[in-house]
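[1] Model the following, please.
(one chain, ligands or ions: 1)
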Amino acid sequence: MSTRKTGEVILDIQNISLRFGGVKALTDISFNVKEHEIRSIIGPNGAGKSSMLNCINGVYTPSEGSITFRGKTFSHMNSRQVAEMGVARTFQNLALFKGMSVIDNIMSGRNLKIKSNILLQALRIGPAEREETRHREFVEKIIDFLEIQAFRKTPVGQLPYGLQKRVDLGRALAMEPQVLLLDEPMAGMNLEEKQDMSRFIIDVNEEFGTTIVLIEHDMGVVMDISDRVVVLDYGKKIGDGPPHEVRDNEEVIRAYLGAGH
Ligand SMILES: Nc1ncnc2c1ncn2[C@@H]1O[C@H](COP(=O)(O)OP(=O)(O)OP(=O)(O)O)[C@@H](O)[C@H]1O
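    Okay, here's the model as predicted:
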């Protein structure tokens, strides 16, 4: 288990409920995330993990409850507001531009940071040119950090799946997030790819101090890298605590056995 030093509560989820018609995707969920923490959300299929992430990043509007980010409380935020406040996200099903190069995909994550107007950018003159240079340098740093220099100009669609997931992480990092939401970053990966991704997640957390909220099905990875784990089942919270506590929680064991995990 990790011995990382975590800080104050940065994200506080309070009594969140979410319905889709008759389906209660989330019922009265509360938990918090501390600064610099790696916080995992686990649970069997359909437990409500992605729905929870979608409430945090403003894709879904909870029917009840609130979310406090750095002391400011919201009943609903839109996705752009959330991004501007420093929350970035990767997706379960990759949402990359497959025909575009690695560099351009990661650069697309910098859009929110680009200040000059579109005309100046198109003409690449004056401040716009200097600004673009600064962004390109930042993107190159991410590429070095993720060890994907050899594929800088390769169209993302031609890369193996594990590397595509790494580019997806790079695009989220391009936003210089304070909080990074990762939706199943290891899904579909082989063992070596999972080990690489785990290492990058830990490095992002340790080198940049980024707070990480992670949904992941691979229990080995979750137990290895998380500071604390929240467990959902049928939209309800059934466990919350450090990995060793959650692993021994009878309700959690029952939920996983019942789901055939
Ligand atoms: N857009 C939607 N419309 C209707 N129902 C939805 C929608 N999204 C999720 N649900 C339902 O909400 C519940 C929780 O789904 P969610 O995808 O959040 O679970 P999950 O834990 O992320 O599952 P998985 O591990 O399979 O990704 C499920 O019953 C699901 O069918």
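[2] Could I get the full set of strands for the stretch 1-150 of the chain?
    Per DSSP state E, counting those that start in this stretch, the stretch 1-150 of the chain carries strands over the ranges 9-20, 23-34, 38-42, 64-69, 72-74, 87-90.
[3] Buried deepest among those strands, which one?
    Across the strands of the stretch 1-150 of the chain, the average number of neighbours (mean count of other C-beta atoms under 10 Å) peaks for strand 38-42, which reaches a mean of 26. Just so you know, the C-beta spots here come from the backbone N, C-alpha and C atoms, and that holds for glycine as well.
[4] Tell me if it is near the ligand.
    No. No part of strand 38-42 sits near the ligand under the criterion C-beta under 6 Å from any ligand atom; the closest distance found is 8.2 Å.
[5] Identify the neighbouring strands of that strand in the sheet and state each direction.
    In the sheet containing strand 38-42, the strands it pairs with under DSSP bridges are strand 211-215 (parallel), strand 228-233 (parallel).
[6] Can you lay out those strands as CSV showing mean pLDDT, mean neighbour count and distance to the ligand?
    Rendered in CSV, the data for those read as follows (pLDDT from 0 to 100; neighbours: other C-beta atoms under 10 Å; distance: least, C-beta to the nearest ligand atom, whole Å):
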stretch, mean pLDDT, mean neighbour count, distance to the ligand
strand 211-215, 97, 24, 7
strand 228-233, 96, 24, 6
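[7] Need those strands in CSV (columns: distance to Lys194).
    Formatted as CSV, the entries for the strands paired with strand 38-42 read as follows, by distance: least, C-beta to C-beta, whole Å:
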stretch, distance to Lys194
strand 211-215, 13
strand 228-233, 17
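[8] and Gly48, which of those is closest to it?
    strand 228-233 (4.8 Å; C-beta to C-beta).
[9] report the angle between the axes of that closest one and strand 23-34?
    Here strand 228-233 points in a direction 170 degrees away from that of strand 23-34 (axes from the mean of the first three to the mean of the last three C-alpha atoms, to 10 degrees).
[10] Using PDB, list the CA coordinates for strand 228-233.
    These are the backbone C-alpha positions of strand 228-233, laid out as PDB (Å, rounded to 0.1, in the frame of the first residue of the first chain):
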ATOM      1  CA  ARG A 228      -8.300   4.800  -0.400                       C
ATOM      2  CA  VAL A 229     -11.000   2.900  -2.200                       C
ATOM      3  CA  VAL A 230     -14.800   3.500  -2.300                       C
ATOM      4  CA  VAL A 231     -16.900   0.500  -3.300                       C
ATOM      5  CA  LEU A 232     -20.300   0.800  -5.100                       C
ATOM      6  CA  ASP A 233     -22.900  -1.900  -5.600                       C
END
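[11] relative to strand 9-20, how tilted is it?
    Taking the same axes, to 10 degrees, strand 228-233 and strand 9-20 form an angle of 10 degrees between their directions.
[12] angle of the helix or strand just after strand 228-233 against strand 9-20?
    Reading on from strand 228-233 to the C-terminus, the next helix or strand found by DSSP states H and E is strand 236-241. Note on geometry: by the same axes, to 10 degrees, strand 236-241 and strand 9-20 are set 160 degrees apart in direction.
[13] any idea which helix or strand comes after strand 236-241?
    Under the assignment DSSP H and E, the closest C-terminal helix or strand after strand 236-241 is helix 243-247.
[14] And the contacts of the following helix or strand past that following helix?
    Along the chain past helix 243-247, the next helix or strand (assigned with DSSP H and E) turns out to be helix 250-258. With contacts defined as C-beta atoms under 8 Å, 6 or more residues apart in numbering, helix 250-258 is touched by 43-44, 231, 233, 238-239, 246.
[15] Wondering if helix 250-258 reaches the ligand at all.
    No. Judged by C-beta under 6 Å from any ligand atom, helix 250-258 makes no contact with the ligand; its nearest approach is 11.5 Å.
[16] Please save the CA atoms from that helix in PDB.
    Below are the C-alpha coordinates for helix 250-258, written out as PDB (Å, rounded to 0.1, in the frame of the first residue of the first chain):
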ATOM      1  CA  GLU A 250     -17.700  -8.800   4.200                       C
ATOM      2  CA  GLU A 251     -20.300  -6.800   2.200                       C
ATOM      3  CA  VAL A 252     -17.700  -6.000  -0.500                       C
ATOM      4  CA  ILE A 253     -16.700  -9.700  -0.700                       C
ATOM      5  CA  ARG A 254     -20.300 -10.700  -1.000                       C
ATOM      6  CA  ALA A 255     -21.000  -8.200  -3.800                       C
ATOM      7  CA  TYR A 256     -18.000  -9.400  -5.800                       C
ATOM      8  CA  LEU A 257     -18.800 -13.100  -5.300                       C
ATOM      9  CA  GLY A 258     -22.400 -12.500  -6.200                       C
END
